[in-house]
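In: Got a predicted structure here, sequence first:
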Amino acid sequence: MMANLIPPTSLKPVSHYLKVAVEHDTRDPVIAYWARFAAVQKSLSIDKSSPEAKGFVISLLEWLETKKKSQSSNEAITIEAAGEAHIENYALKLFNWADQSDRNAVFNKNVVKAFYTSGILFDVLESLRPPLSDDFTKARKYAKWKAAYIHNCLKNGETPVPGEGLAPEDDEDEELDHESGGQGPSASGGYGFVMPPNDNVSPHVQVPYVPPPTIPSPRQDYTPPVQEPPPQVGNPSTSLSVEQIAKAQKYCKWAGSALNFDDVNNAIENLEKALTLLKTGEDLG
């Protein structure tokens, strides 16, 4: 079943998600699925009353339901947390590959496409795990700006400046729309994107990102979290709800992600929030 891929005018920003989804329909069904899922959420946040928007969202929801049934054995589609891990790993690999290519003064359409796609995938990740961490937020803005900047340089016959620059403080969607007809770098325009190799490339020291850890596919190593009461710590009389336990688990997961980027302060802050929630039931977030 094919979902309607042409959003109404009121839902123009959704076209970015759909572009990434279509490009991954055969390459990576997990990315294709969650990109459409993000398109639904974005659509509902923009326009959920007009008949055009309703029809568009319904077609996407029907596609998602059908795909989820056909991919019932793929945990990265059926289990949201496994999908998060898959998207994060994929986005980081694209970003790091594009960043290293840029710093090596390699400027071509593949680099533009990798920056562009990683930026959109950080949006998709945020739709599953809001709010996006500061590190990922910075990476998203940088990736989208770099995609537009290198694209425009190539289009105008100019040589891009490698490495960091000062990304303008414009709205992210406006950065992607600039000089590209509101669609970002278009594959139909001859970009011919080829998936970059799975290299663990270290970005320049001034960018606070490290290569993603080498981990098995979420389908191989992911175990759904068991919702069990935490050990009684500090105040045995504290009774936590399932939602509070889940929030404490998220704080611990965010702390682990912060340590991947050597961000000790952020890791400590999230662990302290988790401990306070487990001890007192109070959420400091």
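Out: Nice, thanks for sending it over. Numbers count the residues shown, from 1 in each chain.

In: in stretch 275-282, what counts as buried?
Out: Neighbour counts using 16 or more other C-beta atoms under 10 Å place 275-278 of stretch 275-282 among the buried residues. For glycine as for every other residue, the C-beta is placed from the backbone atoms N, C-alpha and C.

In: Tell me the one of these nearest residue 103?
Out: residue 275 (39.7 Å; C-beta to C-beta).

In: what about the closest one, which helix or strand?
Out: When elements are assigned from DSSP states H and E, residue 275 belongs to helix 264-280.

In: Next secondary structure after the strand or helix carrying residue 59?
Out: Taking DSSP H and E as the definition, residue 59 sits inside helix 51-70. Moving toward the C-terminus from helix 51-70, the next helix or strand (DSSP H and E) is helix 75-78.

In: correct me, but residue 20 touches residue 33?
Out: No: using C-beta atoms under 8 Å, residue 20 makes no contact with residue 33, being 11.3 Å away.

In: residue contacts, residue 248?
Out: Applying C-beta atoms under 8 Å, 6 or more residues apart in numbering, we find residue 248 in contact with 230, 240, 274, 277-278.

In: can we see that at 10 Å?
Out: 230, 240, 270, 273-278, 283 (C-beta atoms under 10 Å, 6 or more residues apart in numbering).

In: returning to what we had before: tell me which strands and helices the helix holding residue 275 is in contact with?
Out: Contacts defined by 3 or more C-beta pairs under 10 Å, 6 or more residues apart in numbering; DSSP states H and E place helix 264-280 against helix 242-260.

In: quick one: the helix it packs on to helix 264-280, angle?
Out: Between helix 242-260 and helix 264-280, the angle comes out at 160 degrees (axes from the mean of the first three to the mean of the last three C-alpha atoms, to 10 degrees).

In: starting at the chain centroid, how far to helix 242-260?
Out: Its chain's C-alpha centre and that of helix 242-260 lie 18 Å apart, by C-alpha atoms, centre = their mean, to the nearest Å.

In: Identify the farthest-apart pair in the contacts of residue 248.
Out: The widest separation within the contacts of residue 248 (C-beta to C-beta) is 17.3 Å, between 240 and 270.
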